[in-house]
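Participant: Provided below for reference: sequence and predicted model.
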Amino acid sequence: MRSVPSILHLDMDAFFASVEQASKPSLRGKPVVVGGLGGRGVVATASYEARRFGVHSAMPMAHARRLCPNAAFLIPRFELYRQVSDIVMGLLRELSPLVEPLSVDEAFVDLEAGQYGGLIRSGCPAEGAELARAVGEDLRADILARVGLTASVGLSGTKFLAKIASEQAKPDGLVLIEPGREREVLAELPVRALPGVGPATAETLRRIGLTRISEVAETSEDELVRLLGRAHGAGVHALALGRDDRPVVAERDAKSVSVEDTFEVDLADLDRIRSELDRLTERCVRRLRGAGRSGRTVVIKVRRFDFTTLTRSETLPAPTDDPLVIGAMARRLLAQVQLAGGVRLLGVGVSGLADFTQEDLFAQAQREAEAAAAAVAAVAAGAAGAEAKQEAEPDAAYGGPADPRAFHPGAAPARRWMPGQDVEHSEHGRGWVQGSGVGRVTVRFELPGSVPGRIRTFAVEDEALTRPPRCRCPAARPDTPARPGSGFTAAGARRVGLPGAARIRRRWPGRGRPGAGSSRCRRYAGRAPAATGRCPCPVPAAGPGTGPAAGPGRRRGRRSARSAGCCPGPGCARGAARPGRSAPR
């Protein structure tokens, strides 16, 4: 057990929904639900405004619509979320090289392994806790300045308690659990709060009257071992006492790679099921090769119409990433499953991962034979097509390709626009889809730093309306470094009510002024606006009173920029230049 709360757990607040609110000004302060919009879709994330109506993650989307019918229901934009996540994880890696990401919006950080580790270890526990709190507050301010999102931070001496602290800090807060208060904090929490305790273990403990962590801690370890097994029982007993020796690990090896899809309508046709299985196999192999891995065990997952879920697996003698081998195994496994009645969900996965692969000579020979057969078929089809073109006459049934009807086999399918999707119009610029139907699509044209935009409705097939080439990251500015107040400085200390600059310099030399101490502080010394006229200030360029940074109790406009460390120089979006103030405080 550490004597200083130097393990930090960061959890972004309603991450997917918050990113959508930050990139769409008209949605700020309104209920937003992100997830699958089909009849069988589930909620991925709900904003805190939607949670007041009872909407939560993993809820069926149809139920969420009934609870909060006036919410904005949007499809997820994972590429944008990854871009924002990369910026947040980069800020964490500036604090310490030991960053353990748990997901795109959650991670552990070991502060003792970073630039403040020496200061945390050298002082007394009270000073170390004070420094860790200031680092956590500065981190939250950095994230707000860089991507316009709020985050919750938990600090403790163990990973388990740091995560408990971040949950107690939600939303947009910081909780520090001092060493020695573990039993007090855990006493009234349910047993499901313990890592590794799921529904089955919780039910086993409930049968003997254990529903709270304090009750588990008072139970002897031998009794828990008898109930749960040696390893699991001992682990649960240690966690209930607040003991957790797990270190923060920067890189964790993936144990498997898998993909799965839930279909809007049950699949009953065997050919269609096989086609979907082949498509999932291709996606799985792409992810496997993208990670530079191979695997020995192929697993398929089938959920039938009655919600019964079946899995089948087969193991190879050597790892492979060959799509032919994995696809053939997946089809063999599918033949072992009874598909009568329809398939609701289908998945393909590969486990037993390795860093090398062994070529399958039979698969290679099959690939060469298929390539030769495809070449012969292409030549034959070309000759047949040329002959048919000379002999063919227009079919009066539909008037030929120049005048197609609705059932013309060559007619292009209607474009589909999904709520929340990014679009671009040749006249109105960029926006996002609010909704579509009956041949029309409604688009709101606005940008992250603008006021709520205007709404326009177009025909679904309007050629002026297109999808942008790639997902933009409007909620973040990747080329902008963290704000000048980042790191443990006098400004950061004053913000969290710590001692003045002179006292900080006595306690932690080199930490009471910008440009002193770490390279992170020196980076901002004397930084002035770029010659191009672009303001280097990382404060989001939203108008006064707009954006996530604005709200009750916060200064707005030009004064807000000064309080956040903005340098109101030439080109600054926050205000006119002040003589002698081109450098940050």
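Facilitator: Here it is on my side, so go on.

Participant: show me where the stretch 151-300 of the chain has strands.
Facilitator: Applying DSSP state E, counting those that start in this stretch to the stretch 151-300 of the chain gives strands spanning 151-156, 174-176, 256-267, 294-304.

Participant: what does the second one contact?
Facilitator: The list of residues contacting strand 174-176 from outside it, by Cβ atoms under 8 Å, 6 or more residues apart in numbering, reads 5, 129, 132-133, 136-137, 140, 152-156, 165-166, 168-169. All C-beta spots, glycine's among them, are computed from the backbone N, C-alpha and C.

Participant: widest-spaced pair of those residues?
Facilitator: Spatial extent of the contacts of strand 174-176 (Cβ to Cβ) is set by the pair Ala129 and Ser152 at 18.1 Å.

Participant: which sections of the chain are below the confidence cut-off?
Facilitator: Within the chain, the set of residues satisfying pLDDT under 70 comprises 357-414, 470-585.

Participant: 80 - rerun?
Facilitator: For the chain, the stretches flagged by pLDDT under 80 are 1, 123, 251-253, 356-415, 469-585.

Participant: if I look at Leu91, how far off is Asp142?
Facilitator: Distance of Leu91 to Asp142, given as Cβ to Cβ, to the nearest Å: 5 Å.

Participant: looking at those two, which is more packed in?
Facilitator: Neighbours per residue (other Cβ atoms under 10 Å) separate Leu91 from Asp142, with Asp142 holding more: 25 against 22.

Participant: please identify the buried residues of the helix or strand where that one lies?
Facilitator: Element membership of Asp142, judged by DSSP states H and E, is helix 125-147. Within helix 125-147, the residues scored as buried using 16 or more other Cβ atoms under 10 Å are 125, 128-147.

Participant: would you list the strands of the stretch 151-300 of the chain in TSV and tack on mean neighbour count?
Facilitator: TSV is the format used below for those (neighbours: other Cβ atoms under 10 Å):
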stretch	mean neighbour count
strand 151-156	27
strand 174-176	20
strand 256-267	16
strand 294-304	21
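
Participant: which one among the contacts of strand 174-176 gets closest to Thr219?
Facilitator: Thr219 lies nearest to Ser156 out of the contacts of strand 174-176, by Cβ to Cβ, at 23.5 Å.

Participant: wait, the closest one touches Pro5, no?
Facilitator: Yes - assessed by Cβ atoms under 8 Å, Ser156 is found in contact with Pro5 at 4.8 Å.

Participant: okay, and the common contacts of these two?
Facilitator: Both Ser156 and Pro5 are in contact with Ala162, Leu176, Ile177, Pro179, where contact means Cβ under 8 Å, 6+ apart.

Participant: mind checking how far the closest residue to the first one other than its chain neighbours is from Val185?
Facilitator: Meaning Ala162. Taking Cβ to Cβ, 6 or more residues apart in numbering, and ignoring the residues beside it in sequence, Ala162 has His9 as its nearest neighbour in space, at 3.9 Å. Using Cβ to Cβ, His9 is found at 14 Å from Val185.

Participant: neighbours of Lys170, how many?
Facilitator: Neighbour number of Lys170 under other Cβ under 10 Å is 16.

Participant: on that earlier part again, the strands of the stretch 151-300 of the chain: which one's closest to Val343?
Facilitator: Short answer: strand 256-267, nearest of those by Cβ to Cβ, at 4.6 Å.

Participant: output that closest one as CSV, nothing but the C-alphas.
Facilitator: Coordinates of each C-alpha in strand 256-267 appear next as CSV, following Å, rounded to 0.1, in the frame of the first residue of the first chain:
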residue,chain,number,x,y,z
SER,A,256,-8.7,-11.8,-28.5
VAL,A,257,-10.0,-9.9,-31.6
SER,A,258,-13.6,-10.1,-32.5
VAL,A,259,-16.5,-8.4,-34.3
GLU,A,260,-20.2,-8.9,-34.2
ASP,A,261,-23.4,-7.4,-35.6
THR,A,262,-27.0,-7.4,-34.5
PHE,A,263,-29.5,-7.4,-37.3
GLU,A,264,-32.6,-5.3,-37.5
VAL,A,265,-34.5,-8.3,-38.8
ASP,A,266,-33.8,-11.9,-38.0
LEU,A,267,-31.9,-13.7,-40.8
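
Participant: does anything pack onto it? Which helices or strands?
Facilitator: Judged by 3 or more Cβ pairs under 8 Å, 6 or more residues apart in numbering; DSSP states H and E, strand 256-267 is in contact with helix 270-290, strand 294-304, strand 343-354.

Participant: just checking: what are the partner strands of the last one?
Facilitator: According to DSSP bridges, the neighbouring strands of strand 343-354, each with its direction, are strand 256-267 (antiparallel), strand 294-304 (antiparallel).

Participant: ok, now how distant is the closest residue to Pro171 other than its chain neighbours from Thr158?
Facilitator: Using Cβ to Cβ, 6+ apart and skipping the chain neighbours, the partner closest in space to Pro171 is Asp13 (4.4 Å). As judged by Cβ to Cβ, Asp13 and Thr158 stand 23 Å apart.

Participant: helix or strand for the residue nearest to Ala162, which one?
Facilitator: Using DSSP H and E, His9 falls in strand 7-12.

Participant: what does that strand rub up against?
Facilitator: Strand 7-12 is contacted by residues 18, 88, 92, 95, 105-111, 132, 135-136, 139, 143, 149-159, 162-163, 165-167, 170, 248 when judged by Cβ under 8 Å, 6+ apart.

Participant: need the strands for the stretch 1-150 of the chain, in chain order.
Facilitator: Per DSSP E, counting those that start in this stretch, the stretch 1-150 of the chain carries strands over the ranges 7-12, 32-35, 43-46, 72-74, 99-103, 106-110.

Participant: next, format the ones you listed as CSV and append mean neighbour count and distance to Val441.
Facilitator: Shown next, in CSV, are the strands of the stretch 1-150 of the chain (neighbours: other Cβ atoms under 10 Å; distance: least, Cβ to Cβ, whole Å):
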stretch, mean neighbour count, distance to Val441
strand 7-12, 26, 31
strand 32-35, 27, 20
strand 43-46, 24, 23
strand 72-74, 23, 15
strand 99-103, 17, 32
strand 106-110, 23, 35
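
Participant: and the ones you listed: which comes nearest Val350?
Facilitator: Closest approach to Val350 among those is made by strand 99-103 (20.9 Å; Cβ to Cβ).

Participant: next, work out how far apart the residue nearest to Ala162 and Ser166 are.
Facilitator: His9 sits 5 Å away from Ser166, going by Cβ to Cβ.

Participant: so what sits against both of the two?
Facilitator: Residues touching both His9 and Ser166 by Cβ under 8 Å, 6+ apart: Val153, Gly154.

Participant: hmm, back to that, packing partners for the helix holding Asp142?
Facilitator: Applying 3+ Cβ pairs under 8 Å, 6+ apart, we find helix 125-147 packed against strand 7-12, helix 78-95, helix 117-122, strand 151-156, strand 174-176, helix 490-495.

Participant: who wins for proximity to Gly35 among the ones you listed?
Facilitator: Of all these, helix 78-95 comes closest under Cβ to Cβ, at 12.1 Å.

Participant: show me what the closest one is packed against.
Facilitator: Where contact means 3+ Cβ pairs under 8 Å, 6+ apart, helix 78-95 is packed against strand 7-12, helix 15-23, strand 99-103, strand 106-110, helix 125-147.
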